[in-house]
Each structure stands twice: as structure tokens, then as C-alpha cells.
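Engineer: Could you look at this predicted model? Sequence included:
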Amino acid sequence: MSPQLRAALDDAYKAFADMPAPTHLDASPLRDAKKILRTLTARPLRELTNEEIGPYSGWAMTTVGNEQDYRHFLPRILELSVSDPAWIGSEPPVIASRLLRADWRHWPENQQHAVTVVFYAAFDLAIRSNPELAAASASDWLCGIARLGFPITDLLAGWRQSTTLESTLQLAWLVGFFDGLETIPPFWEEAPPLIRHEIHAWVIHPHSYDQLAKSVTKAPEEDRWPIERALRILSASTARH
């Protein structure tokens, strides 16, 4: 974890520190609200394990709890999203969906800022990390940022300027998510249409192919397959158009 991301997470804990732990959870009859609450409040927030908070992160505000509850647990969910997003509720696009459901743009400014900084710091780290080793890919964080309605132009420009193997591998994974280039990948369907158009145009731009082509022979053998797959996808798209 980068120093910038660690600092952003620490700030998130501070920003939400006055959000009390729930003493009661409203839940669907299909959920054991009392058991879930006991699990979530059995230890300090920062010590909750993935197994303890992970299920709740996926149920939050849909079948368990409300927006106030989610705000209390959000810093730990964000922390797990960059360290071990084993549960769907800790995936960046899903967190973005929960934030929108919670009408987060009406939260206090410091809380909005803290969440935004985590998303951007996590994306910055992701494009500098091998997607095989990163907790979440750059495309996951970019999708989360897009779903929150933030502009992505500068983020794409910075990604394009990076020529490291890690950023190229992240590009290859992004192309892979757009496999076929005619369909919208999972999670991206809820991003604003203009942003979807922008990311699609960026993916199929000749610069993407050039960056991948320059890296394929330099990459270790075990890292070549996603680059080669991305090149095939882009070649097929060019042939169709």
C-alpha cells in the first residue's frame, strides 16, 4: 500500500469517527439481523476481518441496515477494498453503487472528500501494480470513479503517459474487460453514457495497440498472455471497422 493510500484511509477513519456503531439493524426476514449485528460489533472497527464484515458489505442498504449504518462501517470496507476485496461489497464499483444509494453527495464535505481521495489514491496505485497481484485492478477503480460521476479524462491521460510494464498489463486487462468492444462490461453499464463513450474510445485508440505491441516482447513470458489477448481483441475491432 502506498503512503498516499495509507494516509487517505487514515483520513477516512477520522472523517467517519463520529458515526456511531449501530445498536439495532433493520433487515430482510431472510437475514439474521441480531447475529449480523453481534458479528459487526464484536471487535473494534479496524479489527473486523473480511469474514466478519464482508457479507454485510454486500447486503448493506439492500437487505441489511441503512445509510447511517453504512457510513460507520465504510472506512473498514474501503480498507479491505485495497487489501483483500474477497467479497462483492468491497469491489470498487459496488462501493460506488452503495454510495449513490446512500445519497453521499449530501454527506458532510469532509466525508465526501475522504472517500474521493481513497478512490483516486487507489487508482493511482493500481496502474502501478501488476493486476495479477493487485487487490483490485485499475479498471475496477476507474469504473468506480466513473460511476460516481467524476471525470476520467485526466486519469486516462496519466495512464497513457505511463510506460511501465505494470501500467501496460493493467491496460491489457482493461481491453480484456471490453472483449468484443461492442458490449458494455459488467459494472460499466451504470456509468454515465458520455464516460462510457470516452473509455471505449480510449481503449480502441491506436495508442493502446502501440503501447501493447511495444511491450509484448519485453514482458516476462508469464505476463505475455493478457497482452497478446488484448492485441487480438484490438486487431479484430480494427478489422470490423
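Structural biologist: Looks like it came in fine.

Engineer: what does stretch 90-103 contact?
Structural biologist: 50, 54, 57-58, 60-62, 67, 70-71, 77-78, 80-81, 84-85, 88-89, 115, 119, 122, 136, 140-141, 143-145, 147-148, 187-188, 190 (Cβ atoms under 8 Å, 6 or more residues apart in numbering). Any C-beta I mention is one placed from the backbone N, CA and C, and that applies to glycine too.

Engineer: what residue is smack in the middle of the chain?
Structural biologist: Note on the chain: the residue nearest the mean C-alpha position is Pro92, at 2.5 Å, using Cα atoms, centre = their mean.

Engineer: Look up how far Gly144 lies from that one.
Structural biologist: To Gly144, Pro92 is 3 Å away according to Cβ to Cβ, to the nearest Å.

Engineer: Could you tell me which residues touch both of the two?
Structural biologist: The contact sets of Pro92 and Gly144 overlap at Phe119 (Cβ under 8 Å, 6+ apart).

Engineer: I figured Gln111 was touching Tyr13, is that so?
Structural biologist: No - assessed by Cβ atoms under 8 Å, Gln111 is found out of contact with Tyr13, at 11.3 Å.

Engineer: Could you pull up the mean pLDDT of stretch 64-73?
Structural biologist: Averaged over stretch 64-73, pLDDT sits at 97.

Engineer: And the strand or helix carrying Gly144, what does it pack against?
Structural biologist: Secondary structure from DSSP states H and E places Gly144 in helix 138-147. Here helix 138-147 touches helix 92-101, helix 109-126, helix 153-161, helix 165-177, helix 193-204, going by 3 or more Cβ pairs under 8 Å, 6 or more residues apart in numbering; DSSP states H and E.

Engineer: Show me the one of the ones you listed that comes nearest Asp18.
Structural biologist: When these are compared by Cβ to Cβ, helix 109-126 sits nearest Asp18, at 9.7 Å.

Engineer: For the closest one, give the mean pLDDT please.
Structural biologist: 97.

Engineer: Who are the packing partners of that helix?
Structural biologist: helix 3-15, helix 67-81, helix 92-101, helix 138-147.

Engineer: out of those, deepest packed?
Structural biologist: Mean neighbour count (mean count of other Cβ atoms under 10 Å) peaks for helix 138-147 among these, with a mean of 26.

Engineer: Would you mind pulling the contact partners of that helix?
Structural biologist: Here helix 138-147 makes contact (Cβ under 8 Å, 6+ apart) with 91-93, 95-97, 100, 119-120, 122-123, 126-127, 131, 152, 155, 159, 167, 170, 173-174, 177, 187-188, 190-192, 195-196, 199.

Engineer: quick one, it and helix 153-161 angle?
Structural biologist: Helix 138-147 runs at 160 degrees relative to helix 153-161, counting by axes from the mean of the first three to the mean of the last three Cα atoms, to 10 degrees.
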